[in-house]
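Undergrad: Fold the following and give me the result.
(2 chains)
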Amino acid sequence: MRVGSIAVSGHAEASMADRDFMIARAFDAEGAAILYPRKATRRRRSVLPGFGLSLGFTIVYLSLIVLIPLSAAFIKTATLTWPAFVDIVTAPRVVASYRLTFGASFGAAAINTVFGLLVAWVLVRYRFPGRRLADALVDLPFALPTAVAGIALTGLFAANGWIGSLLDPLGIKVAFTPLGVLVALTFIGLPFVVRTVQPVLEELPRELEEAAATLGASRWSIFRRVIFPIVLPALITGFALAFARAIGEYGSVIFIAGNMPMVSEITPLVIITKLEQYDYNGATAVAVVMLVVSFVLLLAINALQAWTRRRQGAQA
Amino acid sequence: MTPAVHPSPLAKRASRESGVTRWLLIGTALVFLTVFLFLPLAFVFVTGLKKGLAVYLAAIVEPDALAAIRLTLLTAAIAVPLNLVFGVAAAWAIAKFSFPGKSVLITLIDLPFAVSPVIAGLIYVLIFGLQGWFGAWLGDHDMKIIFAVPGIVLATVFVTFPFVARELIPLMQAQGTEQEEAATVLGARGWQTFWRITLPNVKWGLLYGVILCNARAMGEFGAVSVVSGHIRGLTNTLPLHVEILYNEYQFAAAFACASLLALLALVTLALKFGVEYRARETRHTVQEIFE
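TA: Modelled structure (predicted):
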């Protein structure tokens, strides 16, 4: 998921007709009303070609690749009776997997919220050697195949690994435990908060802080009362993006998790296990639960991003 | 850029952290990035090369590895152009015209990013698998999609579906329609307008989307794993090959192959960085012209 999308400028929808109207109105308000009587309500026909072709292709391709295949999951599940469906999706092993998947995803997103804000702050505000390298490396989890991340993290955090051997004497076991799931999901979600917060911090007017400082506010209360409220929408959006990505994650987790049923088995793995046992109904029922959660999250994220954009727009 | 009123040095100092705080924050951030980003990356290359260059190279030129590399390249070579054409078409329709249901369409395009890769694989099994909608028909006609290359391509197309469209839509919306309208009014044909006006305007965003799309296409694991069937030399992509080697405790070989994918990730990051830089430069130039 790409974050920090480009803000759509106000004139995106404005065409030449709009401009003519505005110019006419600027010179002569009444005249403009006469020349462009139904400006506000009339739907303009664009002079540009290719609308039917491009929209038609878009809808056909979207339906063939995404919508029809996704509907297959719901249609398949609809053949189950309601009690049978509930039985499958509330079986103890499945419920244990939800608890791990959602718990670890929440934890990882929370870790990324704290450290993501810190990393974004450091990258935007300070100059230090290696800053540009660190900045470029933040996107690594987007670019590195998840299986590679999985085996690398497992090797690092195994009891004899570079990091695992430091934690082992302290009695902390990461690889092949639920803690390993948390580590993998933290890796996967790392770029989201950094990349949503970074542009907001970059555009934060320094005068605000200077004004607060002149008025006698301490550095901490400036952060808490001036900076934090401004970055909060971006922070929540980043959290939601990282969380949404984490609940579906498979590749980076299965190597480090240990995959013990009831203990360290994530929900996507439950789906795969059922599929390998040719339990298509079971796999699909659990998948539908995950899909519904994902869709709700997607809508929530869209609303959050609209909110962030509005806040940024109001500021500028 | 600089505001007309210059704050007193006192205010400036008070609105910045002390040296100690500053270095503490930088240090913490760098430790976090080192543990989660730099060390995993370094670990891949170190472990891959641990047993020497000869073992490393042998793991890569081994026939199954080469077959996996070929399949990975083939998959990306099909999935990326398909989603590129889709992305351009979708962005053209959405950014250049107004129609009802536009925001719903944009949300639907984002759907594949919200879906777990495992579920992306599952839905194609439900349709084309042995017990799926077309399973019997495909069997009668001696065709195979699941546990074969077409399934791998389909699953990859699904997970990389939004990349190009997502880059292009906001970019083309921000650019508006005035230039294209002017070209059309001056007599340019549709494709002429597209090739000479629209494409040059969005080329960096387009390239950016293609780079990300390609990285995901070559690196996809979960979705491909469900539909692949893991037949060595036939339906293993490079990430699946890495998994098999790793599960067979051939760690040096697994990490050698993984290092190829890590290299791909580094090239992706470098290209992305370059494209972002160029896009910024172009934007600045455009701003300068207009100011």
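Undergrad: neighbours around A:A120, how many?
TA: 27 (other C-beta atoms under 10 Å in any protein chain shown). (Each C-beta comes from the backbone N, C-alpha and C, glycine too.)
Undergrad: Please identify the helix or strand for it.
TA: helix A:92-125 (DSSP states H and E).
Undergrad: what's whichever helix or strand comes after that helix in contact with?
TA: Next in sequence after helix A:92-125, counting helices and strands by DSSP H and E, comes helix A:131-137. With C-beta atoms under 8 Å, 6 or more residues apart in numbering or on different chains as the test, helix A:131-137 has contacts from A:119, A:123, B:29-30, B:33, B:37-38, B:41, B:269-270, B:272-273.
Undergrad: need the contact list for the residue in the stretch 201-316 of chain A positioned nearest to chain B.
TA: Among all residues of the stretch 201-316 of chain A, A:G248 sits closest to chain B, at 2.9 Å; criterion: C-beta to the nearest C-beta. Taking C-beta under 8 Å, 6+ apart, we find A:G248 in contact with A:268, A:290, A:294, B:114-119.
Undergrad: Distance check, the residue in the stretch 51-200 of chain B positioned nearest to chain A against A:M290.
TA: Nearest to chain A in the stretch 51-200 of chain B, going by C-beta to the nearest C-beta, is B:S116, at a distance of 2.9 Å. From B:S116 across to A:M290, the span is 6 Å (C-beta to C-beta, to the nearest Å).
Undergrad: Next, show the common contact partners of those two.
TA: Common contact partners of B:S116 and A:M290 (C-beta under 8 Å, 6+ apart): A:247-248, A:268, A:271.
Undergrad: about what we covered before: which residues does the residue of the stretch 51-200 of chain B closest to chain A contact?
TA: By C-beta under 8 Å, 6+ apart, the contact list for B:S116 reads A:247-250, A:268, A:271, A:287, A:290, A:294, B:222.
Undergrad: now the closest residue to chain B within the stretch 51-200 of chain A, nearest residue through space, not along the chain?
TA: Residue of the stretch 51-200 of chain A nearest chain B, by C-beta to the nearest C-beta: A:P145 (2.9 Å). Leaving aside its sequence neighbours, A:P145 sits nearest to B:G219 (C-beta to C-beta, 6 or more residues apart in numbering or on different chains; 2.9 Å).
Undergrad: Contacts only, for that neighbour.
TA: B:G219 neighbours (C-beta under 8 Å, 6+ apart): A:143-148, B:239, B:261, B:264-265.
Undergrad: do A:A110 as well
TA: The contact partners of A:A110, taken as C-beta under 8 Å, 6+ apart, are A:F239.
Undergrad: so what pLDDT did it get?
TA: Note for A:A110: predicted pLDDT of 97.
Undergrad: And A:S54, by the same measure?
TA: Here the pLDDT value assigned to A:S54 is 94.
Undergrad: Look up phi and psi at it.
TA: Main-chain dihedrals, A:S54, degrees, to the nearest 10: phi -70, psi -40.
Undergrad: I'd guessed it sits against B:W92; true?
TA: Yes - using C-beta atoms under 8 Å, A:S54 makes contact with B:W92 at a distance of 4.3 Å.
Undergrad: Can you name the next helix or strand after the strand or helix carrying B:V226?
TA: For B:V226, the host element (DSSP H and E) is helix B:222-228. Next in sequence after helix B:222-228, counting helices and strands by DSSP H and E, comes helix B:238-247.
Undergrad: Can you mark which positions in that following helix are buried?
TA: Judged by neighbour count using 16 or more other C-beta atoms under 10 Å in any protein chain shown, the buried positions of helix B:238-247 are B:238-246.
Undergrad: And the average pLDDT for it is what?
TA: 95.
Undergrad: and the helix or strand following that helix, which residues are buried?
TA: Sequence order places helix B:251-290 as the next helix or strand after helix B:238-247, per DSSP H and E. Buried positions in helix B:251-290, judged by neighbour count with 16+ other C-beta under 10 Å: B:251-262, B:264-266, B:268-269, B:271-272, B:275, B:279.
Undergrad: can you redo the buried residues of helix B:238-247 as TSV with distance to A:V193?
TA: As requested, these are exported to TSV (distance: C-beta to C-beta, whole Å):
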residue	distance to A:V193
B:L238	30
B:P239	26
B:L240	31
B:H241	33
B:V242	29
B:E243	29
B:I244	34
B:L245	34
B:Y246	30
